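**Q** Predicted model and sequence below, questions to follow.
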Amino acid sequence: MTKIKTNILINEDCIEAMSKMPEQSVDMIFADPPYNLQLGEGLTRPNNSVVNGVNDDWDKFDTFSEYDNFSQQWLTQAKRILKPNGTIWVIGSYHNIFRVGAKIQDLGYWILNDVVWVKNNPMPNFRGTRFTNAHETMIWASKEKDAKYTFNYHALKALNEDLQMRSDWYMSLCTGNERLKDKNGDKIHPTQKPENLLYRIILASTNPNDIILDPFSGTGTTCAVAKKMGRQYIGIEQDKNYIENAEKRLSEITTTDPKTLEVTVEKRKEVRIPFGNLIEKGLLNAGEKLISPCKKFIANVRADGSITSQEFSGSIHKVGAMVQGAPSCNGWTYWRLPNAKPIDELRKLLRAEMG
């Protein structure tokens with residue numbers, strides 16, 4: 001497989017740029033395509049000031065058919081370069097997300113979730129003729145139905161104070177110092193996304209050093225967050241001004257120390273380490289004593305990785321259950337060293353040594 005160049009910004013049309021990339025080369029795609037807002041006359045506030053909305057040429061399509069064809073083309077290339085177990089996130093509003101979603105399904109992607117970004121500070125509906133549009137929708141899909149995609153469930157749960165992460169995300173628009181502005185104080189990009197939105201997406205569906213592609217990278221929010229989180233990135237953007245501002249933004253970000261990127265993982269995904277390995281590695285010795293949390297029971301470590309306590313012998317789990325008269329026991333957290341630290345601390349040391 002041809003190795004793909006990463007940590008770069010490409011100043012080109014996204015369909016052309018993706019067509020040159022090798023197949024199955026990226027782990028995740030975040031796409032913020034044109035919304036095709038179909039804006040007509042300019043929008044003004046009640047005080048007659050003009051609303052700085054999205055009226056750029058890149059968001060204008062003559063017909064729905066033209067937009068559908070555009071969506072078909074870029075989504076086709078995206079699927080080609082996505083790895084078998086990779087996923088794609090596409091964000092949009094009511095103007096386009098249903099049309100894009102249909103193309104996603106037509107092309108054989110498998111939709112995993114739709115996630116709603118609820119804006120804490122949405123732009124008001126100045127004319128008072130509709131509901132205030134206070135959310136955007138993100139579609140999260142795997143390349144195939146049976147793909148073994150990345151989903152860091154436990155990391156997201158930890159991020160959410162030990163509650164399952166829901167599909168409604170309450171976050172503010174990109175404002176303040178995070179918003180990139182020109183020398184006149186005007187927004188450089190009309191739809192710059194907040195970094196915390198991308199942080200959660202990247203945390204959820206990638207691992208350190210994964211390759212993330214943003215085919216509509218704008219001022220580089222996806223790439224900036226990817227760099228901060230120790231992921232590799234590729235940004236594609238056809239507007240030279242956006243590219244230049246994204247390059248400046250990225251140059252000011254220092255590479256993250258890999259040691260700071262560890263997250264809570266599912267226990268069954270951790271390297272299995274038998275208790276006997278601690279003895280083999282000299283972290284414990286035969287004849288050493290372990291104590292229970294209440295200090296009522298004492299166990300002796302044996303050379304074969306079993307322990308004995310009172311008349312019981314067997315694994316750390318079996319003996320822990322027997323001395324308590326319990327049906328089961330997690331011996332790693334039950335048995336303690338003489339200094340009162342759980343023996344699980346030794347297991348963590350060995351896991352770290354194994355990388």
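**A** Great, that's in hand. Residues are numbered from 1 along each chain as shown.
**Q** From I211, how far off is I81?
**A** Per C-beta to C-beta, to the nearest Å, I81 is found 10 Å from I211. All C-beta spots, glycine's among them, are computed from the backbone N, C-alpha and C.
**Q** shared neighbours of the two, anything?
**A** S25, V26 (C-beta atoms under 8 Å, 6 or more residues apart in numbering).
**Q** residues in contact with the nearest residue to K193 once chain neighbours are set aside?
**A** Using C-beta to C-beta, 6 or more residues apart in numbering and skipping residues adjacent in sequence, the residue nearest K193 is T221, 5.0 Å away. By C-beta under 8 Å, 6+ apart, the contact list for T221 reads C174, Q192, K193, P194, E195, L198.
**Q** Quick one: end-to-end length of stretch 218-235, please.
**A** 8 Å (C-alpha to C-alpha, to the nearest Å).
**Q** What sits closest to L283 if chain neighbours are left out?
**A** Nearest non-adjacent residue to L283 (C-beta to C-beta, 6+ apart): L346, at 4.7 Å.
**Q** Just the buried positions in the helix or strand encompassing that neighbour, please.
**A** Assessed by DSSP states H and E, L346 sits inside helix 344-354. Neighbour counts over helix 344-354 (16 or more other C-beta atoms under 10 Å) mark L346, R347 as buried.
**Q** which residues are contacting the helix or strand that contains K79?
**A** Element membership of K79 [criterion: DSSP H and E] is helix 64-81. Here helix 64-81 makes contact (C-beta under 8 Å, 6+ apart) with 14-15, 18-19, 21-26, 29, 31, 33-34, 36, 61, 88, 96, 99-100, 103-104, 106-109, 143, 213, 215.
**Q** One more: stretch 325-341?
**A** 275, 289-293, 299, 307, 315-321, 342-347.
**Q** So which of those are in helices?
**A** I316, H317, K318, V319, G320, A321, D344, E345, L346, R347 (DSSP state H).
**Q** possible to save those as TSV with pLDDT and distance to M123?
**A** Listed next are the ones in helices among the contacts of stretch 325-341 as TSV, based on pLDDT from 0 to 100; distance: C-beta to C-beta, whole Å:
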residue	pLDDT	distance to M123
I316	95	59
H317	95	57
K318	95	63
V319	96	64
G320	95	59
A321	95	60
D344	92	51
E345	91	52
L346	92	56
R347	90	52
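**Q** what's the closest of these to E252?
**A** E345 (38.8 Å; C-beta to C-beta).
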